[in-house]
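# sequence and predicted model, in that order:
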Amino acid sequence: MNGTIRVSGDGLGYLATEREFTNYHLIVEFRWGQANCPWGDRIGKARDSGIFLHSVGPDGNSHDGNGAFRAAIECQIMEGSVGDLLLIRGRAGDGTLIAPRMTVEAALERDAQSWPYWRAGGERITVERWGRINWYGKAKDWRDEVNYRGPRDLESPRGEWTRVECRCVGRRIEIIVNGVTVNEAIDVHPGEGKILMQCEGSEIFFRRVELRPIPREE
């Protein structure tokens, strides 16, 4: 529709690339629609979606969503949380666990669920199997409620397009929101895979989905 992709949010699932990728610069612009759906229990809650990076394993292998997604590193797209990095566990074709992993520089403080905030130059920690690294400016009192907006949010105002960039080089991922680096991880595993655009109970529109190769030595 006019060069955009509409994800209705009516269900849990994803739109996946046919190929696996590594060493790339992904540029995506999104804006929210109006509706939240019963799927994923999103009625009255913050609008929610995501970009899955380095997704691996068979279709529908994730623990999250009872198999609605794939194991991956997720760049969160959620009101107040655009740029969080999440670990999505899953199962390989032989049933063994796919346990994502990443190392980050983190602030000493933690959120209400004890997950850290990214801070360049902070304490280096490793998370594995599941967990979240909050983007650096996420509100400490973030609430899962519709139209939530924190005082330092970089997401564009409702109805406008927000630009999200994911730079994946080797074992490093950098997340940039409207031109500002908000999160970064190294020693990322998996280091390659398919890219997914998530459907998780909220209407969302995507446009300008660009994938640019990056030489490994950059």
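Done, it's in.
# SS state for the residue nearest in space to the middle of the chain?
By Cα atoms, centre = their mean, the chain has its centre lying nearest to residue 75, at 1.6 Å. The assignment at residue 75 comes out as strand when based on DSSP: H, G, I helix; E, B strand; the rest coil.
# contacting residues around the residue nearest to it when sequence neighbours are not counted?
In space, and not counting its chain neighbours, residue 75 is closest to residue 51: 4.4 Å by Cβ to Cβ, 6 or more residues apart in numbering. Quick note: C-beta positions are derived from backbone N, CA and C, even for glycine. Applying Cβ atoms under 8 Å, 6 or more residues apart in numbering to residue 51 gives the contacts 26, 28, 74, 75, 77, 164, 166, 195, 196, 197, 198.
# which among the residues you listed gets closest to residue 126?
residue 74 (17.3 Å; Cβ to Cβ).
# can you tell me how far residue 8 is from residue 148?
Applying Cβ to Cβ, to the nearest Å, the value for residue 8 to residue 148 is 21 Å.
# quick one: residue 196 and residue 14 touch, right?
Yes - between residue 196 and residue 14 there is a contact at 4.1 Å, judged by Cβ atoms under 8 Å.
# quickly list what the residue nearest to residue 75 is bridged to.
Listed beta-bridge partners, residue 51: residue 75, residue 197 (assigned using DSSP bridges).
# how much space between residue 183 and residue 10?
Remark: distance between residue 183 and residue 10 (Cβ to Cβ) = 29 Å.
# and what of residue 126?
For residue 126, the distance to residue 10 equals 37 Å [Cβ to Cβ].
# same question for residue 116.
Distance, residue 116 to residue 10, by Cβ to Cβ: 34 Å.
# more neighbours: which of these two?
A direct count of neighbours by other Cβ atoms under 10 Å for residue 116 and residue 10 places residue 116 higher, at 21 against 14.
# who does the more buried one form a beta bridge with?
Bridge pairing for residue 116 - DSSP bridges - gives residue 110.
# got a list of what it touches?
104, 106, 107, 109, 110, 125, 133, 134.
# just the buried residues of those residues.
Buried by 16 or more other Cβ atoms under 10 Å: 104, 106, 133, 134, out of the contacts of residue 116.
# between all of those residues, which two are separated the most?
104 and 134 (10.2 Å).
# shared neighbours of those two, anything?
116, 118.
# returning to what we had before: more neighbours: residue 8 and residue 148, which one.
Between residue 8 and residue 148, counted using other Cβ under 10 Å, the more crowded position is residue 148 (17 against 14).
# state the mean pLDDT of stretch 77-92.
Mean pLDDT, computed over stretch 77-92, is 97.
# can I get it in CSV, CA atoms only?
Provided in CSV are the C-alpha atoms of stretch 77-92 (Å, rounded to 0.1, in the frame of the first residue of the first chain):
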residue,chain,number,x,y,z
ILE,A,77,10.0,-1.9,18.6
MET,A,78,7.6,-1.0,21.4
GLU,A,79,6.3,2.3,22.8
GLY,A,80,8.9,3.6,25.2
SER,A,81,11.3,0.7,24.4
VAL,A,82,12.4,1.2,20.8
GLY,A,83,16.0,-0.1,20.7
ASP,A,84,16.0,-2.6,23.6
LEU,A,85,17.8,-5.8,22.7
LEU,A,86,16.2,-9.1,23.6
LEU,A,87,17.3,-12.7,23.5
ILE,A,88,14.7,-15.0,22.0
ARG,A,89,15.3,-18.7,22.8
GLY,A,90,14.2,-21.6,20.5
ARG,A,91,14.6,-25.1,19.4
ALA,A,92,16.8,-26.5,16.6
